[in-house]
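Enquirer: below are the sequence and a predicted model; questions follow.
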2 protein chains.
Amino acid sequence: MIKIMIIEDDKITSKELKELLENNNYEAIILENLENALDEITKIKPDLIILDINIPYINGQLLLQNLRKVSDIPVIMVTSKNSETDEALSISYGADDYITKPYNPNILLLRIGAVLKRLNHSSNIIFYKDLKINIQKGIIKKDDKEIILTKNEMIILSSLLKHQNKIVTRDELMTELWDNEEFISDNALTVNISRLRNKLKYIGYENIIDTRKGQGYILL
Amino acid sequence: MIKIMIIEDDKITSKELKELLENNNYEAIILENLENALDEITKIKPDLIILDINIPYINGQLLLQNLRKVSDIPVIMVTSKNSETDEALSISYGADDYITKPYNPNILLLRIGAVLKRLNHSSNIIFYKDLKINIQKGIIKKDDKEIILTKNEMIILSSLLKHQNKIVTRDELMTELWDNEEFISDNALTVNISRLRNKLKYIGYENIIDTRKGQGYILL
DNA sequence: TTTAAATGTGACAAAACTGTAAGAGCAAAT
DNA sequence: ATTTGCTCTTACAGTTTTGTCACATTTAAA
């Protein structure tokens, strides 16, 4: 489950937002103690933060700046002013996106989706369906279950993810895996696919890698 | 030079935009033939596209959809004011970012910069000095020589690369390596650093990981 | 249905990976 | 000079990874 932290002082707004997020399959956490926001963030480790720039006690932009010194967690800034200066500052201080209050809930959801999609492309973490995939470590988490992939398995899955909904040929995968090594049996690929499927089965994703005989594989 | 294609029917707007981009060190190309946009794009292969969703003759959204079937070139959508439907559609059809008309030129530049920065990070290849580092495979090439890093070694090197010219504490590295595992001797980190240094020595990078006693390590 | 090609699986042994232990090295402070 | 607190290195053994092999199974065409 993707964890989103809400930093917002207005109780009504934050409660509504929490509901909206939970209705759309996110885990929403409202930050209660605005005073030590940074500590809470590093403790809870959300996947994304929705930050109201006008929260009292602390300066939203300052918080963002400080956060950026220690973390790359994506942040969507919320402001009530339609002030381009704020927007520019938010982006240059490291906000990943920006939305003006009052906002259309569906737009916010789309922006969240877009930010997470971007994150997929730029970080070690990829979200796929309800899986959280750490490419570098080869760890895939689904709720409480997790599986650990080997380097080969991760290379295969990455290739499939990169070309989602497109067929990836066995040759392409062979090249990704053993680019310029001596001769390696093409059955080695089949075996690695098999091992990958077995691990995925454990987290309930038995059939996401589909064989297209004579063509290759496709991630569903 | 980074090539940006402008797809926009209003001559004045596109000319202004071209100037703006060229003044900021981009190569700007205005697409003249809106009818066969897709062909032109695949021929010119821009690094980024700025696409007005309201161009005549063709449907901007449809163009984006078709483009996405064959290419991942980043697209920034320009939408008209107040059209939340357009905004929603742009994102879900694969735009990398969007901006609402009329826009502040500096905001557009910031967004272009942000999209391009993301692009740089999305590849598995990192260049460092004269090294070519494949993070996924853990292969580092220098001229003809190459070394192969293990997962642990790659995690350490990635962390150091990510915070280039900054000290990374031993604790940070421990967290990256063994986040929520049981107790692991902190000497394990020292050993892994040692192994990494030994491999780097083979390609002539003996001293790039510098110890800052009591503080951590820094990549020179 | 038969056949041939493509794909899948379980077992195995060699190679690679990795945390620990024990002791050495080293720099700053006393 | 000695002590103290870090950091480094080497050796080791348990574990994991991985390509191959030998069959098994599936698919689509004949």
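Expert: Good, I have the coordinates.
Enquirer: burial measure for A:I184, as a count.
Expert: A:I184: 11 surrounding residues under other CB atoms under 10 Å in any protein chain shown. All C-beta spots, glycine's among them, are computed from the backbone N, C-alpha and C.
Enquirer: likewise for A:N104?
Expert: 13.
Enquirer: look up how far DNA strand D lies from it.
Expert: In this view, A:N104 and DNA strand D are 45 Å apart by CB to the nearest atom of the strand, to the nearest Å.
Enquirer: ok, A:I29 to A:D39 distance?
Expert: 14 Å (CB to CB, to the nearest Å).
Enquirer: who's more crowded, those two?
Expert: The residue with more neighbours, out of A:I29 and A:D39, is A:I29; 17 against 10, by other CB under 10 Å.
Enquirer: hmm, the more buried one is touching A:I44, no?
Expert: Yes - A:I29 is within contact range of A:I44, at 6.2 Å (criterion: CB atoms under 8 Å).
Enquirer: mutual contacts of these two, please.
Expert: By CB atoms under 8 Å, 6 or more residues apart in numbering or on different chains, A:I29 and A:I44 have these common neighbours: A:3, A:5.
Enquirer: who are the neighbours in contact with A:L149?
Expert: Neighbouring residues of A:L149 by CB under 8 Å, 6+ apart: A:138-140, A:157, A:196, A:199.
Enquirer: chain center to stretch A:149-166: distance?
Expert: Centroid separation for stretch A:149-166 versus its chain: 16 Å, with CA atoms, centre = their mean, to the nearest Å.
Enquirer: next: stretch A:59-68.
Expert: With CA atoms, centre = their mean, you get 21 Å for stretch A:59-68.
Enquirer: what of stretch A:11-29?
Expert: 18 Å.
Enquirer: and it, what's its mean pLDDT?
Expert: For stretch A:11-29, the mean pLDDT works out to 92.
Enquirer: how about the residues of chain A that lie near DNA strand D?
Expert: Applying CB under 7 Å from any atom of the strand, one finds that chain A approaches DNA strand D through A:148, A:150-153, A:177-178, A:183-185, A:187-188, A:191-192, A:195, A:213-214.
Enquirer: from these, which ones fall inside helices?
Expert: Per DSSP state H, helices hold the following members of the residues of chain A next to DNA strand D: A:151-153, A:177-178, A:187-188, A:191-192, A:195.
Enquirer: which of those are buried?
Expert: A:152-153, A:177-178, A:192 (16 or more other CB atoms under 10 Å in any protein chain shown).
Enquirer: closest to DNA strand C among those residues?
Expert: A:N192 (8.5 Å; CB to the nearest atom of the strand).
Enquirer: contacts only, for the closest one.
Expert: A:152-153, A:156, A:177.
Enquirer: did I read that right, A:G113 in a helix?
Expert: Yes - counting by DSSP: H, G, I helix; E, B strand; the rest coil, A:G113 is found in a helix.
Enquirer: and it, how many neighbours?
Expert: 14.
Enquirer: so how far is A:E8 from it?
Expert: In terms of CB to CB, A:G113 sits 20 Å off from A:E8.
Enquirer: quick one: the helices in chain A?
Expert: Listed in chain order, the helices of chain A (DSSP H) span A:11-23, A:37-44, A:60-70, A:84-92, A:105-122, A:151-162, A:170-178, A:187-202.
Enquirer: between helix A:151-162 and the last one, find me the angle.
Expert: Using axes from the mean of the first three to the mean of the last three CA atoms, to 10 degrees, one finds that helix A:187-202 and helix A:151-162 are set 80 degrees apart in direction.
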